[in-house]
Each structure stands twice: as structure tokens, then as C-alpha cells.
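[1] coordinates only, sequence not included:
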């Protein structure tokens, strides 16, 4: 069964967007990252991607050259009239109403590779609370944003234990990889 | 003049203590989890006057954090919660400056710790601590004090010991921060099985 991996970049104070809704300061140095073994490996291991609708919209309709050339499952009640650019024989968009059906379809598509959940915060929180995430990969960006959208919020009051797997120092962020203890 | 540094254990979701932290339960409900990595270390034992402990990478990190500290600044809340637990021979072994609105007489303890109560703000506490530190570093502690120092541009380095747990609720390290982003620069990353030590320099403008 495909593993479900959630990965995002956040500021040291836990935000994934600043107070104006911008991800600018947290946006990774993709050109630099693509050179790293870490992202190369992630690209190889990912068989399907799941994202929320807001995350999908942040690319402003263009997924040309997206790092994950795999089926992408977008959780939304309201599929866009025009699908984003960048589809090809590997990268196809699927708009699915509901988190669990989207995840189930992504797992089926991923086969023996993993499902990578790329955001946003609501989707990650729902999946964490439902115990559906196997591993989390957090890129800690060296900045204190002070305010904005918090990644780990509304998780409930029961602690979730993690097991540290690996730490990578990459351009612009320190990546911490954990297994979720169930 | 030495640096102004902070060293603090934080859950991956940003908490330094669980909820309901008070005198009975200094680290709050579930908060002990954040300090577990410390309790077996040789340097932790030494500072608390007990024998034994393991010497490993985490112990070296702890030693490095203490080695060059000449004085400490903490908030009154943290002091009140922990005063009893720290006892007659507190684990600081240097002068400790407590920022407070409520004056109290200086308390000389065993083992080199003296508690000074500073009622005229963090900048005054810093001047007094720097004089006491005599060229060594000043280490600051407690979420409120760390936030105050960062906002005032007075913190040089912060080392966050990231603990692999999501507590879900508790006392956040970073809240009530300034409206402008504060840039950091990563100085060093040390990963151990139970904790990741992230040391940052605070970029000042």
C-alpha cells in the first residue's frame, strides 16, 4: 500500500503564509533544490500528488515543468472550468470532492510508490487528525514571520508522537523528516 | 562583550510547555516530553549536582550551551514556577537576573547562583547581566523574555531543540511577535535520534 507523505515549508515560528497570504518568503529555491539528492529522491519516489484547492490555485493555472510529473488529485467541491496548463501523459489533474476519496484514488494511482500531500494547511490538519499521514517532511525556513497562517493548528489536544528519520540541510531551509507513530 | 543567546526545547508545532503550566506542573500537561532528551545527559547531572549520565552528541550540545554563559536573564513567571524545584543549589551557577514588576531582595544561593530582581525592564536587565557576565555570554530564558529580546533587537543567537512530537496545545515559543518578519541565518544543524538542534543567528537591521 502506498505511503502517504505530507511535505511543506514553514517559518521557524510555524507559518506557511505571511499575514498577507503570501508564500513569497517561504517559496523554495527550486532550481537549487532540484540539484539535491533529497528532491531527486522525492521526485523518484512520488507516484501521485494530493493538494487542496487553494494550493492548486496558487500556481495560477500553469503546471508546466512541475517537479512531480505524476497524477495530481485536487480536493475540491467546485472543479475549475478550465484545467491548468502543463498536463501531459504523466501529469493529469483529477478533481475529487472529498479528502478520503481523493486519497484513495491517489493511493491506487501511486501503486508501490508514495502519495505526496503538498498542502495546504487545512488538508494537512484533516489528514493528520484522521491518522492518514505516514510521514511528514517539514522544511524550516530561517525567518520569523510573526503572523499568518499556522501549519500545525486545530490538531486537537492529544499529542502526536513522531519518530525522527532524517535531517537535510538544503538551500534556504532545513528539512526534517519524521515518521508518524500510530 | 559576549553574545546574547537563547536555548530552548520546542515541539515541532511550536510549544515549549504543555497547557496548564503552573507551580505544580512547571512544564504543563505533557510538557515533560520536551525535556526528556536532557535528563540522562552527563552535563545535566553535573549542573544538578548528581552523578553519572551519558556523554554523547546531545551532551556536547548542552555543554556548549552552558560553557560560555556568564549570566542569565529569565522572566518572573518562569522563576515563580521553578524557584522551589531549583532549590538551594540551582542549576545556573552564575548570576540570574529576573525581570519583574514586583521587587524582591537579592537572594544568594549555593554553587554560584545569585538571584537579582530587576524592575526597570529588559534593557536594564541586559546591562546588569552583561556587567555580571564580564565578557562571557548572557543566556536568556522563558518565552516572554525571548519574545521581548527578539522584538527589541537584543538577541544575537537562538538555538531551538526541536522535539519530534506535535503537542497540539500549550505555551507557544513565538507569539505576540513584531509585525515585520525577522530574518535568521542558520549557524549549525545537529541531528540526534531524539532531537534536532537548530542554531540561528538573528539578522539585525
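    Great, that's in hand. Please read these numbers as outputs of a predicted model, since none were measured by experiment.
[2] Just the helices from chain A, written as ranges.
    With DSSP state H, the ranges of helices along chain A come out as A:30-34, A:37-45, A:53-58, A:99-110, A:121-129.
[3] before we move on, what about chain B?
    Counting by DSSP H, one finds helices in chain B at the ranges B:42-47, B:57-67, B:76-86, B:122-133, B:143-151.
[4] just those helices: most buried one?
    helix B:143-151 (a mean of 21; mean count of other Cβ atoms under 10 Å in any protein chain shown). The C-beta positions use only the backbone N, C-alpha and C, and glycine is treated the same way.
[5] residues making contact with it?
    A:144, B:4, B:6, B:8, B:16, B:73-75, B:77-78, B:99, B:122, B:126, B:140, B:155, B:158, B:171-178, B:182, B:202 (Cβ atoms under 8 Å, 6 or more residues apart in numbering or on different chains).
[6] If any of those residues are buried, give me the PyMOL selection for them.
    Those of these that count as buried under 16 or more other Cβ atoms under 10 Å in any protein chain shown are selected in PyMOL with:
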select buried, (chain A and resi 144) or (chain B and resi 4+6+8+16+73+74+75+77+78+99+122+126+140+155+158+171+172+173+174+177+182+202)
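[7] Burial check on residue B:203, number of neighbours?
    Per other Cβ atoms under 10 Å in any protein chain shown, the neighbour tally for residue B:203 reads 11.
[8] Can you name the residues that contact it?
    B:182, B:183, B:184, B:185.
[9] Would you confirm that the third one contacts residue A:142?
    Just to be clear, that refers to residue B:184. Yes: applying Cβ atoms under 8 Å as the test, residue B:184 and residue A:142 come out as touching, 3.9 Å apart.
[10] Could you name every residue contacting both of the two?
    Joint contacts of residue B:184 and residue A:142 (Cβ under 8 Å, 6+ apart) are A:12, B:200.
[11] Would you mind measuring from residue A:30 to residue B:88?
    In this structure, residue A:30 and residue B:88 are 57 Å apart, going by Cβ to Cβ, to the nearest Å.
[12] quick one: least confident helix or strand in chain A?
    Least confident helix or strand of chain A, by mean pLDDT, DSSP states H and E, is helix A:30-34 with a mean of 84.
[13] for it, which positions count as buried?
    Of all the residues in helix A:30-34, those buried under the rule 16+ other Cβ under 10 Å are residue A:33.
[14] outside of that helix, which residues touch it?
    Helix A:30-34 is contacted from outside by A:39, A:40, A:67, A:170, A:171, A:172, using Cβ under 8 Å, 6+ apart.
[15] Any idea how many residues pack against the fourth one?
    Residue crowding around residue A:170 was assessed by other Cβ under 10 Å; the count is 17.
[16] Equivalent analysis for residue B:9, please.
    Neighbours of residue B:9 (other Cβ under 10 Å): 23.
[17] who are the neighbours in contact with it?
    B:16, B:34, B:35, B:37, B:38, B:160, B:161, B:163, B:195.
[18] Could you find the closest non-adjacent residue to residue A:143?
    Of all residues not flanking residue A:143 in the chain, residue A:11 sits nearest, at 5.0 Å (Cβ to Cβ, 6 or more residues apart in numbering or on different chains).
[19] May I have the beta-bridge partners of the one you found?
    residue A:141 (DSSP bridges).
[20] Might you report the residue contacts of residue B:174?
    A:12, A:13, A:14, A:144, A:146, B:14, B:143, B:147.
[21] how near is residue B:2 to chain A?
    Going from residue B:2 to chain A by Cβ to the nearest Cβ, to the nearest Å gives 23 Å.
[22] need the strands for the chain, in chain order.
    As the question left the chain open, I've gone with chain A. Remark: strands assigned in chain A by DSSP state E are A:4-11, A:15-17, A:46-52, A:72-75, A:93-96, A:114-117, A:135-141, A:143-144, A:149-150, A:160-170, A:173-180.
[23] could you do chain B instead?
    Using DSSP E, strands in chain B cover B:4-11, B:15-17, B:69-75, B:95-99, B:107-108, B:114-118, B:137-141, B:157-163, B:165-166, B:171-172, B:182-191, B:196-202.
[24] quick check, the second one touching chain A?
    No: contact between strand B:15-17 and chain A, assessed by Cβ under 8 Å from any Cβ of the partner chain, is absent, since the two come no nearer than 9.4 Å.
[25] The longest one too?
    Yes: residues of strand B:182-191 are located near chain A by Cβ under 8 Å from any Cβ, namely B:182, B:183, B:184, B:185, B:186, B:189, B:191.
[26] tell me the angle of that strand relative to strand B:196-202?
    Relative orientation of strand B:182-191 versus strand B:196-202 (axes from the mean of the first three to the mean of the last three Cα atoms, to 10 degrees): 150 degrees.
[27] OK, contacts around the most centrally placed residue in chain B?
    Nearest to the mean C-alpha position of chain B, by Cα atoms, centre = their mean, lies residue B:141 at 3.2 Å. Taking Cβ under 8 Å, 6+ apart as the criterion, residue B:141 is in contact with B:6, B:7, B:8, B:72, B:73, B:74, B:75, B:78.
[28] So the last one sits against residue B:100, correct?
    No: if you go by Cβ under 8 Å, residue B:78 and residue B:100 don't touch, sitting 10.7 Å apart.
[29] what's near enough to touch the residue most central in space within chain A?
    Centroid-nearest residue in chain A, with Cα atoms, centre = their mean: residue A:118, separated by 1.2 Å. By Cβ under 8 Å, 6+ apart, the contact set of residue A:118 is A:7, A:8, A:49, A:50, A:51, A:55, A:68.
[30] farthest-separated two in those?
    Greatest spatial distance among those (Cβ to Cβ): A:8 and A:68, at 14.0 Å.
[31] Can you list the buried residues in stretch B:184-203?
    Those buried within stretch B:184-203 under the rule 16+ other Cβ under 10 Å are B:184, B:186, B:189-191, B:195-202.
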